[in-house]
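Q: below is the sequence, then the predicted model.
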There are 2 protein chains.
Amino acid sequence: MSVTRCLVAQEEVQKFIEKCMLTVGTRASHARSLAEVLVEGDKRGHYSHGLNRMDLYIKEIKAGICAKDGEPVVERESAATALVDGRNLLGPVVGNFCMSLALRKARDVGIGWVVARGSNHYGIAGYYALQAVKENMIGMSFTNTSPLVVPTRAKECTLGTNPISVGAPAKDGDSFVLDMATSAVALGKVELHDRSGLSIPEGWGCDAQGRLSTEPSQVLQGGGLVPVGGSETTGGYKGYGLGMMVEVFCGMLAGSQYSRHIRTWRVTDRAANLGQCFVAINPENFAPGFNDRMSDLLSLHRSLEPAEPEKPVLVPGDPERLHEEECRSLGGIPYHLSVVNYMNDVAKSIGVTSLLPADRVIH
Amino acid sequence: MSVTRCLVAQEEVQKFIEKCMLTVGTRASHARSLAEVLVEGDKRGHYSHGLNRMDLYIKEIKAGICAKDGEPVVERESAATALVDGRNLLGPVVGNFCMSLALRKARDVGIGWVVARGSNHYGIAGYYALQAVKENMIGMSFTNTSPLVVPTRAKECTLGTNPISVGAPAKDGDSFVLDMATSAVALGKVELHDRSGLSIPEGWGCDAQGRLSTEPSQVLQGGGLVPVGGSETTGGYKGYGLGMMVEVFCGMLAGSQYSRHIRTWRVTDRAANLGQCFVAINPENFAPGFNDRMSDLLSLHRSLEPAEPEKPVLVPGDPERLHEEECRSLGGIPYHLSVVNYMNDVAKSIGVTSLLPADRVIH
């Protein structure tokens, strides 16, 4: 499958998204926060959570389903915890608010555990964990999402891809950054195989009868993704349990929507009211030498002899690091030309005239 | 494979383990704590972490590799966190100490995050999460363990089966209890297939070259378990990342041994110095109605139509609940006769005369 790609400078994407969001009435600082998270998603290679989703955010702001302005509100608080009402603001606005609150608490008492209700899609979960890593703390973030995953033994989607992100700082700016859906793969991967006429590996999704299927169309039409681990025999019930754990931290603690009660993916007829959880932990409250041990743990793994010589052993966060390096060496973020063209059409439809450049084509 | 089983009353196993531990010099309260965790493991059907391991604990106490007496010590503390030196005491002694400290903090400030170094095998991780559930709180526990798992793309074991346990209370004594290794399966399952001459499903383990193998002997001799998710294609890197996350919470925060530096499984020539992490979260610090939502989440899943009629959809903790019910209806815990006989031999070898009854045979 050959796909034409074009390069766009990070600042250009950032400004473009900001401009589009401003045009539909989003407060400037909120537009900036959203653009920052989406660009970070693209830079880290998580394209399904970047520019690619801008049209959904625009649609929700335009339809009045997501709030254009306001501030999240702390509803309940202790030295180490908080419950936040996200006031139906853009996910990144809620996420940044909660993560900086968690960091403040972690500085004071070693940990901050902050839960938000009334939130919306917040981009890549790793973005929030990384905010803690920059402050030399462990960061975590979790969100519930629209049902796309079929529990072990069932045949109906009741859980979202409910991601888990955990970041931890090592020495010299190095870090561990786990950022994973609790499904085996993202829906986008199945869609991509479907469009290319390819079958999918066993263990990604199931059909409408709950049977594992290698046929992407069966997964997309009436079936669903399966939890990481695949079938019950290979440990799929663990991925199912982890997806439900995310729901405990999010919907259960937050009193937001949860599980099957969350609106269907891409259906935006009502506020999402997602539940999210943000955690910061200060290693200084524990044994001295945390960063040194982290660096040893990472290098111990990176220096393992690989099973296949051309595939080096990585640690969580390395694939994203490699993608960021690629962007730096290319001098921009590579996008599918079709995505750039589509988003330019979206921009034009709302009256934005400064479009993304589509002329730096690469192959 | 037909295995002769015999029933032993819970109190009988409890007393037997206590007596054996006392005989080799363990302080009475420590012997009781260990016996309680092991019996709970068996009752919940996690036989690999029950009576079955008594000989290892005895060996370590006898060899002076694990401390017979003393108390864990808090080394560093805030309102919400603590670092504990486990003083090389039995894992359950350290675990109980840390979990009750975490619960106290959660009552005060909504969360307690307690990390221990200098600990030993602590039985099933779920035991500690359940202590929080009994107090109507969310509980979590994590431990690092001897290297048995081969990271994605590698061919050498560097991580333990590093379990994650998360428990959360619903209404009327019901609960969510996730208690899972971050490997696809436990080593014991592979050993069982090996002894029975059966092949294992793809996605459980790999050979010495890091290739997935369905041959148990290859996994056991030079190969290793693989992380939940199996191959890289089916998301094995997620299980690998989760295993490393457990190491961040345990070895990294604790300053204990970690990863490949932990002594090899069943080799007991030196203190284990394991790192462990215990967390309690008070739902009362978050949105009202937590237990109601938990009950809805659980019943929503249990009432899903199953893909195969004879296999009802379960939630994490249900398999253990079913096993406990089986024990109740049988009037005892069913053990393999060979395990009972073996442990009686162990007991005799240290001079214990009151042995486990082996006469209530069932099939």
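A: It's in. Residues are numbered from 1 along each chain as shown, chains lettered A, B, ... in the order given.
Q: and the residue lying closest to A:G45 once chain neighbours are set aside, how many neighbours?
A: Distances taken as Cβ to Cβ, 6 or more residues apart in numbering or on different chains put A:H323 closest to A:G45, at 3.4 Å, once the chain neighbours are dropped. No exception for glycine: its C-beta is placed from N, CA and C like everyone else's. When neighbours are defined as other Cβ atoms under 10 Å in any protein chain shown, A:H323 has 18 of them.
Q: on contacts alone, who are the packing partners of the worst-scoring helix or strand of chain A on mean pLDDT?
A: Scoring the helices and strands of chain A by mean pLDDT, DSSP states H and E places helix A:187-195 at the bottom, with a mean of 89. For helix A:187-195, the helices and strands in contact under the criterion 3 or more Cβ pairs under 8 Å, 6 or more residues apart in numbering or on different chains; DSSP states H and E are helix A:216-220.
Q: so where do the strands sit in the stretch 251-363 of chain A?
A: Remark: strands assigned in the stretch 251-363 of chain A by DSSP state E, counting those that start in this stretch are A:274-281, A:333-336, A:361-362.
Q: deepest-packed of those, please.
A: Mean neighbours per residue, mean count of other Cβ atoms under 10 Å in any protein chain shown, is largest over the strands of the stretch 251-363 of chain A for strand A:274-281, with a mean of 30.
Q: touching chain B at all, that one?
A: Yes. Contact of strand A:274-281 with chain B (Cβ under 8 Å from any Cβ of the partner chain) involves A:I281.
Q: mind listing what that strand pairs with, with the direction of each?
A: Next to strand A:274-281 in the sheet, as set by DSSP bridges, lie strand A:111-119 (antiparallel), strand A:138-143 (antiparallel).
Q: need the phi and psi values for the residue nearest to the spatial centre of chain A.
A: By Cα atoms, centre = their mean, chain A has its centre lying nearest to A:I124, at 2.3 Å. Recorded main-chain torsions at A:I124 are phi -70, psi 140, according to degrees, to the nearest 10.
Q: what helices or strands is the longest helix along chain A leaning on?
A: With DSSP state H applied, the helix covering the greatest number of residues in chain A is identified as helix A:91-109. With contacts defined as 3+ Cβ pairs under 8 Å, 6+ apart, the secondary structure elements packing on helix A:91-109 are helix A:28-43, strand A:81-85, strand A:111-119, helix A:126-134, strand A:138-143, strand A:274-281.
Q: ok, which of these comes nearest B:C157?
A: Relative to B:C157, the nearest member of these by Cβ to Cβ is strand A:138-143, separated by 25.2 Å.
Q: need the CA coordinates for that closest one. PDB is fine.
A: Once side chains and other backbone atoms are set aside, the C-alpha atoms of strand A:138-143 remain, and they are given as PDB (Å, rounded to 0.1, in the frame of the first residue of the first chain):
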ATOM      1  CA  ILE A 138       5.900   9.700  38.200                       C
ATOM      2  CA  GLY A 139       2.700  10.600  36.300                       C
ATOM      3  CA  MET A 140      -0.400   8.500  35.400                       C
ATOM      4  CA  SER A 141      -3.500   9.200  33.400                       C
ATOM      5  CA  PHE A 142      -6.600   7.100  32.600                       C
ATOM      6  CA  THR A 143      -9.800   7.900  30.800                       C
END
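Q: report the next helix or strand after that strand in sequence order.
A: strand A:164-169 (DSSP states H and E).
Q: helix or strand right after that following strand?
A: Under the assignment DSSP H and E, the closest C-terminal helix or strand after strand A:164-169 is strand A:175-180.
Q: how many degrees apart are that next one and strand A:138-143 in direction?
A: With axes from the mean of the first three to the mean of the last three Cα atoms, to 10 degrees as the basis, strand A:175-180 and strand A:138-143 are set at 10 degrees to each other.
Q: give me the sheet partners of strand A:175-180 and which way each runs.
A: Strands flanking strand A:175-180 in the sheet, each with its direction: strand A:164-169 (antiparallel) (DSSP bridges).
Q: what's in contact with the strand it pairs with?
A: Taking Cβ atoms under 8 Å, 6 or more residues apart in numbering or on different chains as the criterion, the residues outside strand A:164-169 that touch it are A:124-126, A:128-130, A:132-133, A:136-142, A:175-180, A:182, A:242, A:246, A:283, A:290-291, A:294, A:317, B:242, B:245, B:248, B:252.
Q: drop anything exposed from these.
A: Among these, the ones that count as buried by 16 or more other Cβ atoms under 10 Å in any protein chain shown are A:124-126, A:128-130, A:132-133, A:137-142, A:175-180, A:182, A:242, A:246, A:283, A:290-291, A:294, A:317, B:242, B:245, B:248, B:252.
Q: my guess is A:N285 contacts B:S78, does it?
A: Yes. Contact criterion Cβ atoms under 8 Å: A:N285 and B:S78 qualify, at 5.6 Å.
Q: quickly list the domain ranges of chain A.
A: Under the assignment named as automatic domain parsing, the residue ranges that make up the domains of chain A are A:1-63+A:332-363, A:72-184+A:229-323.
Q: if you compare these, which one is most tucked away?
A: Per-residue neighbour counts averaged over each of the domains of chain A give the maximum for domain A:72-184+A:229-323, namely a mean of 23 (mean count of other Cβ under 10 Å).
Q: any idea of the mean pLDDT for it?
A: Averaging pLDDT along domain A:72-184+A:229-323 gives 97.
Q: for A:F290, what are its contacts?
A: Contact analysis of A:F290 by Cβ under 8 Å, 6+ apart lists A:169, A:283-284, B:252-253.
Q: just those: which are in helices?
A: Among the contacts of A:F290, the members that lie in helices (by DSSP H) are B:L253.
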